[in-house]
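Peer 1: this one's structure only:
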């Protein structure tokens, strides 16, 4: 199992991905206020990459935008939830979502194989599917421990 640990400064916030069944920490990233990260995956039917991107807004996890290359099964824009704009390549972005995540955490069940759920912070990417496929994984923004 691979674990990515990046230096976490004395101030700021920390993004942690943890398996719920045994508490194993899968990833830990420094995400100071004003910075962000994305959860990336491949659509299970069409195979294209989808992304949901978040920001640390004064210690709160906030969903800010999504990129969806197609209106495939399970994807779409909900009117009133951000602004849908073309990505210029047949897909679309949903911008300005500004949706706080309750409790600054949520549970993700990473998909198998080609779905490849990943956390991306800057240039660093961790495949949650590679280390915890089908497991319940808690993604949380927390104050430094």
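Peer 2: Nice, thanks for sending it over. Quantities reported herein were computed from a predicted structural model and do not represent experimental measurements. Numbers count the residues shown, from 1 in each chain.

Peer 1: Only C-alpha atoms from now on, for both contacts and neighbour counts.
Peer 2: Noted.

Peer 1: Could you look up the SS state of residue 134?
Peer 2: Secondary structure, DSSP: H, G, I helix; E, B strand; the rest coil: residue 134 is coil.

Peer 1: hang on, residue 131 is in a strand, isn't it?
Peer 2: No: applying three-state DSSP, one finds residue 131 to be helix, outside a strand.

Peer 1: Tell me where the model's unsure across the chain.
Peer 2: Confidence mapping of the chain against pLDDT under 70 gives the ranges 1-12, 70-79, 144-145.

Peer 1: Tell me where it has helices.
Peer 2: Counting by DSSP state H, the chain has helices at residues 128-132.

Peer 1: center of it, which residue is that?
Peer 2: What sits nearest the mean C-alpha location of the chain, by CA atoms, centre = their mean, is residue 39, with 2.5 Å.

Peer 1: Spit out the contact partners of the closest residue to that residue other than its chain neighbours.
Peer 2: Among residues not flanking residue 39 along the chain, residue 119 sits closest, at 4.8 Å (CA to CA, 6 or more residues apart in numbering). Contact partners of residue 119, counting by CA atoms under 8 Å, 6 or more residues apart in numbering, are 37, 38, 39, 40, 125, 126, 127, 128.

Peer 1: Wait, the residue nearest to the centre of the chain touches residue 115, no?
Peer 2: No: Residue 39 is beyond contact range of residue 115, at 11.9 Å (criterion: CA atoms under 8 Å).

Peer 1: which residues touch residue 107?
Peer 2: Residue 107 makes contact with 136, 137, 138, 139 under the criterion CA under 8 Å, 6+ apart.

Peer 1: Repeat that for residue 83.
Peer 2: Counting by CA under 8 Å, 6+ apart, residue 83 has contacts 93, 94, 95, 96, 97.

Peer 1: now, among these, which is nearest to residue 49?
Peer 2: Minimum distance to residue 49 across those is 12.5 Å, recorded for residue 93 (CA to CA).
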